[in-house]
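> Need a 3D model of the sequence below.
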Amino acid sequence: MEICHYMEEIKGQPAWLLFLISLGMLTVLKLSVSVFIWIYVSFLRPGKNLKSYGSWAVVTGATDGIGKSFALQFARKGLNLVLVGRNPEKLRDVSTSISEKFGSKIAVETVEIDFSGDLVAGVERLKKKIDGLDVGLLVNNAGVSYPYARFFHELDTKLLENIMKVNVEGMTRVTHAVLPGMLKKKKGAIVNIGSGAAIIIPSDPLYAVYAASKAYVDQFSKCIHVEYRSKGIDVQCQVPLYVATKMASIKRSSFWVPSSDAYARSALRWIGYEPRCTPYWPHSLIWCLLSNLPETAIDKWRLGFCMGIRKRGLLKDARKQA
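This is a model prediction of the structure:
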């Protein structure tokens, strides 16, 4: 009886009110589902068995920061490593430290590639090194940015060339070299490290070329994800915000700015899932917040923030020249 009475009351309400109530309920339902999915993928969903892709992982930019941390996490998972970097001494140091830590259980190979130099010859060395290896994972992490924020017209030709060659051409050529082996065995995972500068914020003034190069990484990743997902290849663009690394010029980690190790631990759990993701969950909260703010407000804040970085960089340069 009470239910019938309740239904009669609802029927007696104006159509516009019923429409608004229905719309509100759908909005709450949609939000609840979104929150549940976010909690599941961020905290509850298990990571994939990475060894199922293959017994070897190739990591570029493996001598520092995120790349080095990826290599260590892969070694903990029992994967053999092909470390790619431009500095032979650093490559030896990382290779030795991994071998000392994990012993004969993990095989480590190194390939020297100067991504801003003779890229073609370096990629050929990589092809020869991985020939015959069961490479199942590739992490394209090598990248460069500005020394500090600056206007586009202030960039010198060398910096322009380095950003485009390392961030765009280098990633593309390495992927082109490693992908055929994955296609032969019909399985593999490719992780390209993008940036919130290209995806999360609407613009990144005073870092225009860097942000544009990372937009290329994102679009390239989406396209080859669609091309090769039916062939057993999982392609993913990971989109971090600030991570405490040399390239970001951040020495101390915090809740919002993870260490490279903390980021890599989160990142491994996402490999093989969504084609674009932000593995470190506090970064995804920032993304959610920014996506609901006016672009003009974010642009104004970001410009002011980067102008402050530029000012400090110019002062530092002036002190060096004094």
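
> rest of the way, CA atoms for contacts and neighbours
Noted.

> what number of residues lie near V191?
25 (other C-alpha atoms under 10 Å).

> S99 too?
Neighbour number of S99 under other C-alpha under 10 Å is 16.

> and stretch 147-159, how far from the chain's centre?
23 Å (C-alpha atoms, centre = their mean, to the nearest Å).

> And stretch 211-219, by the same measure?
How far stretch 211-219 lies from its chain's middle: 11 Å, per C-alpha atoms, centre = their mean.

> do stretch 40-58 as well
15 Å.

> Repeat that for stretch 274-288.
On C-alpha atoms, centre = their mean, the centre of stretch 274-288 falls 10 Å from that of its chain.

> again, but for stretch 108-126
22 Å.

> buried stuff in it?
Using 16 or more other C-alpha atoms under 10 Å as the test for burial, stretch 108-126 gives 108-116, 119, 122-123, 126.

> now the end-to-end length of it.
End-to-end span of stretch 108-126 (C-alpha to C-alpha, to the nearest Å): 14 Å.

> quick one: contacts of it?
Residues from elsewhere that reach stretch 108-126 (C-alpha atoms under 8 Å, 6 or more residues apart in numbering): 80-88, 91-92, 95, 98-99, 129, 161-162, 165-166, 170, 173-174, 177.

> how about the buried residues of stretch 108-126 in a markdown table, adding secondary structure, pLDDT and distance to M25?
Listed next are the buried residues of stretch 108-126 as a markdown table, based on DSSP: H, G, I helix; E, B strand; the rest coil; pLDDT from 0 to 100; distance: C-alpha to C-alpha, whole Å:
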| residue | secondary structure | pLDDT | distance to M25 |
| --- | --- | --- | --- |
| V108 | strand | 98 | 56 |
| E109 | strand | 98 | 57 |
| T110 | strand | 98 | 57 |
| V111 | strand | 99 | 57 |
| E112 | strand | 98 | 58 |
| I113 | coil | 98 | 56 |
| D114 | coil | 97 | 56 |
| F115 | coil | 97 | 53 |
| S116 | coil | 96 | 55 |
| L119 | helix | 96 | 56 |
| G122 | helix | 98 | 58 |
| V123 | helix | 98 | 55 |
| L126 | helix | 99 | 56 |
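
> Most widely separated two among those residues?
V108 and S116 (24.1 Å; C-alpha to C-alpha).

> rewinding a little: so of the contacts of stretch 108-126, which ones are in strands?
Among those, the residues falling in strands (DSSP state E) are N80, L81, V82, L83, V84, G85.

> Return the residues in contact with the fifth one.
For V84, the contact set (C-alpha under 8 Å, 6+ apart) comprises V58, V59, T60, G61, A62, T63, L91, T110, V111, E112, I113.

> Going by distance to V33, which of those wins?
Out of the contacts of V84, the member with the shortest distance to V33 (by C-alpha to C-alpha) is V59, at 35.8 Å.

> In this structure the closest one contacts V135, no?
No. Counting by C-alpha atoms under 8 Å, V59 does not reach V135; the two are 10.9 Å apart.

> where does L31 land on pLDDT?
pLDDT for L31: 87.

> Quickly find the element holding it.
helix 15-39 (DSSP states H and E).

> Show me which residues of that helix are buried.
In helix 15-39, counting by 16+ other C-alpha under 10 Å, buried: W38.

> now the helix or strand that comes right after that helix: how far from the chain's centre is it?
Heading C-terminal from helix 15-39, the first helix or strand you meet, by DSSP H and E, is strand 56-60. Distance, stretch centre to chain centre, for strand 56-60: 15 Å (C-alpha atoms, centre = their mean).

> same question, stretch 69-83
17 Å.

> Identify each buried residue in it, please.
Buried, per 16+ other C-alpha under 10 Å, within stretch 69-83: 69-75, 78-83.

> Who are the contact partners of the residue nearest to L303 when sequence neighbours are not counted?
With sequence-adjacent residues excluded and distances taken as C-alpha to C-alpha, 6 or more residues apart in numbering, L303 is closest to P205, at 5.7 Å. Going by C-alpha under 8 Å, 6+ apart, P205 touches F151, D299, R302, L303, C306.
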